[in-house]
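K.L.:
quick check, what structure comes out for this input:
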Amino acid sequence: MTITLTIDGQEVNAELEQTLLEVAREMGKEIPTICFHEATTANALCRICVVEVEGQRVLQPACIVKAGAGMQVRTRSEKVVRARRTILEMLASTMDLSEAPEIQAMMREYGASTDRFPDAERRESAVIDDNPMYIRDYSKCLLCWRCVQVCADDAQYTFAINFDGRGFETQIGTFFDISIPETSCVLCGQCVGVCPTGALKPKREYLLEQGISAGEISIMNTGRKQRKAK
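P.N.:
Sure, this is the predicted structure:
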């Protein structure tokens, strides 16, 4: 069933089950996203994709809200821009975005200040190096849920990781905080592939950044294989 709605003053046809994000992108309008990924189920966690829908009291997350007949939508109103800027500033105040180039680009686009909330508590976490494939640095994690979803029934069906903790202390973790090799993880790397901030990083890339040469990495890997064979 085809419906008609208006986005930023432009009338457009859409399928009934399409989201506002899908319709806008088909029009060539770019709505920013962070937690959304084509390979995972949309959950509207980050709210960076909010748009203004006439008649709605609050801004609506475009990644999950379905297009409706007669909708009047604005993707970049003053209210929308202000909301996106605030979300970006809150992220920058609480976590390390140094390896999130797409988010850094959004901050420049929306004029977000990195020091708007100078007294905010920052996420601090030691780098977890417990498996041969990737490292986990949760000081860079924004809890987008992509890794959890792709590890679960969106792709891999291994359910090795999930949310752990409450409130500000929430982070991605394993059951009973056990190491990755002790979980059901099969080291497929899909979680690393969908991470937008560098919280999950290939082990080889991480070691090279730490100044460890490719030759040294090769020796380390050989030693690991020999120990495993014993």
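K.L.:
so where's this structure uncertain?
P.N.:
213-230 (pLDDT under 70).
K.L.:
which residues in it form strands?
P.N.:
For the chain, the strands defined by DSSP state E cover 2-7, 10-15, 50-53, 60-61, 72-74, 134-136, 162-164, 171-173, 200-202.
K.L.:
redo the ones you listed as TSV? Include distance to Trp145 and mean neighbour count.
P.N.:
(C-beta placed from N, C-alpha, C; glycine too.) Below are the strands of the chain laid out as TSV (distance: least, CB to CB, whole Å; neighbours: other CB atoms under 10 Å):
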stretch	distance to Trp145	mean neighbour count
strand 2-7	27	16
strand 10-15	26	14
strand 50-53	17	22
strand 60-61	14	22
strand 72-74	25	19
strand 134-136	15	23
strand 162-164	8	14
strand 171-173	8	19
strand 200-202	13	19
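K.L.:
just put those strands in CSV and tack on distance to Ala92.
P.N.:
Shown next, in CSV, are the strands of the chain (distance: least, CB to CB, whole Å):
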stretch, distance to Ala92
strand 2-7, 29
strand 10-15, 33
strand 50-53, 18
strand 60-61, 21
strand 72-74, 25
strand 134-136, 21
strand 162-164, 22
strand 171-173, 18
strand 200-202, 20
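K.L.:
closest one to Gln149 among those strands?
P.N.:
Closest to Gln149 of the strands of the chain is strand 162-164 (CB to CB; 10.3 Å).
K.L.:
partners of that closest one in the sheet?
P.N.:
Using DSSP bridges, strand 162-164 pairs in its sheet with strand 171-173 (antiparallel).
K.L.:
how many residues are close by Pro101?
P.N.:
12 (other CB atoms under 10 Å).
K.L.:
could you give the number of residues near Asp96?
P.N.:
Look at Asp96: counted by other CB under 10 Å, it has 20 neighbours.
K.L.:
for it, what are its contacts?
P.N.:
By CB atoms under 8 Å, 6 or more residues apart in numbering, Asp96 lies in contact with Arg122, Arg123, Asp137, Ser139, Lys140, Thr197.
K.L.:
repeat that with 6 Å
P.N.:
Shown in contact with Asp96 (CB atoms under 6 Å, 6 or more residues apart in numbering): Ser139, Lys140.
K.L.:
so the protein: which segments form each domain?
P.N.:
For the chain, automatic domain parsing gives the domain ranges 1-119, 134-229.
K.L.:
measure the spatially closest residue to Gly173 that is not a sequence neighbour to Leu45 for me?
P.N.:
Spatial nearest neighbour of Gly173, excluding adjacent residues (CB to CB, 6 or more residues apart in numbering): Asp164 at 3.2 Å. From Asp164 across to Leu45, the span is 16 Å (CB to CB, to the nearest Å).
K.L.:
circling back to that earlier point, minimum distance to Gln104: which of the strands of the chain has it?
P.N.:
Gln104 lies closest to strand 200-202 among the strands of the chain, at 16.8 Å (CB to CB).
K.L.:
re earlier: columns distance to Val127 on top of the domains of the chain, output as CSV?
P.N.:
Shown next, in CSV, are the domains of the chain (distance: least, CB to CB, whole Å):
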stretch, distance to Val127
domain 1-119, 11
domain 134-229, 5
